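Enquirer: need a structure here:
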Amino acid sequence: MSGTVPGPDGRPRCRWCAAAPEFFAYHDREWGVPVVEDIRLFEKLCLESFQSGLS
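Expert: Predicted structure coming up:
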């Protein structure tokens, strides 16, 4: 999947956003946004490790 698709507001988004309407909000608020706060970084690290099945 490469390229972009226009979102509901006309801004280009990654093509995977077109799979479901709620992906547009996730793309804009979470995905690809750098995390610099310690607590948020720890939260992401924990969630990613749980997602991958690590314990």
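Enquirer: For the residue nearest in space to the middle of the chain, which residues are in contact?
Expert: In the chain, the residue lying closest to the centroid (CA atoms, centre = their mean) is residue 31, at 2.5 Å. Contacts for residue 31 (CB atoms under 8 Å, 6 or more residues apart in numbering) come out as residue 14. In this view, the C-beta of every residue, glycine as well, is placed from N, C-alpha and C.
Enquirer: which SS class is it?
Expert: Here residue 31 is coil, with the state taken from DSSP: H, G, I helix; E, B strand; the rest coil.
Enquirer: Can you check the pLDDT for residue 8?
Expert: If you check residue 8, the pLDDT there is 88.
Enquirer: so where's this protein shaky on pLDDT?
Expert: The chain contains residues with pLDDT under 70 at 1-2, 54-55.
Enquirer: give me that answer again for 80
Expert: Where the chain drops to pLDDT under 80, the residues are 1-2, 52-55.
Enquirer: Can you list the residue ranges for strands in it?
Expert: Secondary structure of the chain (DSSP state E): strands at 4-6, 12-14.
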